[in-house]
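>>> Here's a sequence, model it:
(2 chains)
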There are 2 protein chains.
Amino acid sequence: MKFCSLCGEPVEQLIPAGDNRRRYVCSSCEHIHYQNPKVIVGTLPLYEGKVLLCKRAIEPRKGYWTLPAGFMENQETSLQGALRESLEEAGATVINPAFYRLFDLPHISQVYVFYRGELQDGHYEPGAESSEVALFSEEQIPWDELAFPVVTELLREYFVDRQSGVYPVRSSSIERLIPKA
Amino acid sequence: MKFCSLCGEPVEQLIPAGDNRRRYVCSSCEHIHYQNPKVIVGTLPLYEGKVLLCKRAIEPRKGYWTLPAGFMENQETSLQGALRESLEEAGATVINPAFYRLFDLPHISQVYVFYRGELQDGHYEPGAESSEVALFSEEQIPWDELAFPVVTELLREYFVDRQSGVYPVRSSSIERLIPKA
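From the prediction side, this is the model:
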């Protein structure tokens, strides 16, 4: 950030009075431009014991498999966003959704929110950001070709939870970086 | 938003290619300035069967009671943020935290994340944004003087959950507006 989005004058970095963090502050109108984490919302779509994954058609991690997820938009709920992303990226209508997971990724200032759900009618098709979409049984999961640590972690937890049929809602942070391709 | 924070030229509102929402786009460098929901993190601090509430010293809802909570910062986890806010607003060290609640507030593009926890040593003191901090038993909760619908909802749920000793992690949206004072 170099300029004030309200008045167009240069911003400077300083700790405002009563604060304890450096912020971008306009040198002219003195507006404080706070920067905050972004929320990524997605689903774990399930059908006949299989999990729906999308092969990424875009960077980062193009060619790797992920769960349908994307940035939450203003004026929507996390669930609405998760269902929207599932439809956009995987042509998937997810029904009977249940809150399942919150991941913090502080190194990139992101919070992931995932819902579990059923893939309606087993129907899917790749959206603009996916080159391929497919259902995988536990044995078929391409563990070495998953796009992001949150996907690996969520799938691992799901297959453990499935054995007991109990799906606790968890929150934890992942500070691992994406492995180099 | 009127100006590009990267180059200082005017922004315009349009739907970028491949998108389906109006965004602020720089008329000069063409950077797309996405706007996304903000996360508010807080705790439900408990001590000897009582709940810690803070009387707001600032607007909005100055003079009303709330749980310690505030905007999540970049480079922190939701839990770190919740504990930080508890210390800042209520002088409260919250221990043994457990993930408890996600609220979506789509009308104001906010997501609340709450952790339950114990107030260490029963110690608290008002921070800069609180005029008063106090412990309340269920019978003492000032239901008509609570600052925000999320606080009312979370407290109601907590007192119900406490009867069974089971604290499911819930996600739902609240679209109620703050009642007029």
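
>>> Just list whatever residues bridge to the residue nearest in space to the middle of chain A.
Central residue check for chain A by C-alpha atoms, centre = their mean: the C-alpha nearest the mean position is that of residue A:40, 3.5 Å away. For residue A:40, the beta-bridge partners are residue A:71, residue A:112 (DSSP bridges).

>>> same question, residue A:118
What pairs with residue A:118, by the bridge criterion (DSSP bridges), is residue A:46, residue A:95.

>>> so what's it up against?
A:45-47, A:94-96 (C-beta atoms under 8 Å, 6 or more residues apart in numbering or on different chains). (Glycine included, C-beta is placed from N, CA and C.)

>>> For these, which single residue is the most surrounded?
Neighbour counts for the contacts of residue A:118 peak at residue A:45, which has 29 neighbours (criterion: other C-beta atoms under 10 Å in any protein chain shown).

>>> which stretches of chain A form strands?
A:11-14, A:23-26, A:32-33, A:38-47, A:50-56, A:65-66, A:69-71, A:94-105, A:110-119, A:130-136, A:170-173 (DSSP state E).

>>> need those strands in TSV with mean pLDDT, can you?
Shown next, in TSV, are the strands of chain A (pLDDT from 0 to 100):
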stretch	mean pLDDT
strand A:11-14	97
strand A:23-26	97
strand A:32-33	96
strand A:38-47	98
strand A:50-56	98
strand A:65-66	98
strand A:69-71	98
strand A:94-105	98
strand A:110-119	98
strand A:130-136	98
strand A:170-173	97
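
>>> Could you tell me the end-to-end distance of stretch A:49-65?
18 Å (C-alpha to C-alpha, to the nearest Å).

>>> and what of stretch A:2-17?
End-to-end distance (C-alpha to C-alpha), stretch A:2-17: 21 Å.

>>> what number of residues lie near residue A:117?
23.

>>> From residue A:147, how far off is it?
Plainly put, residue A:117 is 20 Å away from residue A:147 if you go by C-beta to C-beta, to the nearest Å.

>>> about what we covered before: isn't the residue nearest to the centre of chain A right up against residue A:109?
No: Residue A:40 is not in contact with residue A:109 according to C-beta atoms under 8 Å; the separation is 11.1 Å.

>>> Now do the contacts for the residue nearest to the centre of chain A.
Taking C-beta under 8 Å, 6+ apart, one finds A:69-72, A:110-113 in contact with residue A:40.

>>> looking at chain A, which residue lies furthest from center?
Outermost in chain A, C-alpha atoms, centre = their mean: residue A:28 at 36.7 Å.

>>> correct me, but that residue touches residue A:3?
No: counting by C-beta under 8 Å, residue A:3 is not a contact partner of residue A:28; they are 10.1 Å apart.

>>> Find residues that contact each of the two.
What both residue A:28 and residue A:3 touch, as defined by C-beta under 8 Å, 6+ apart, is the set A:9-10.
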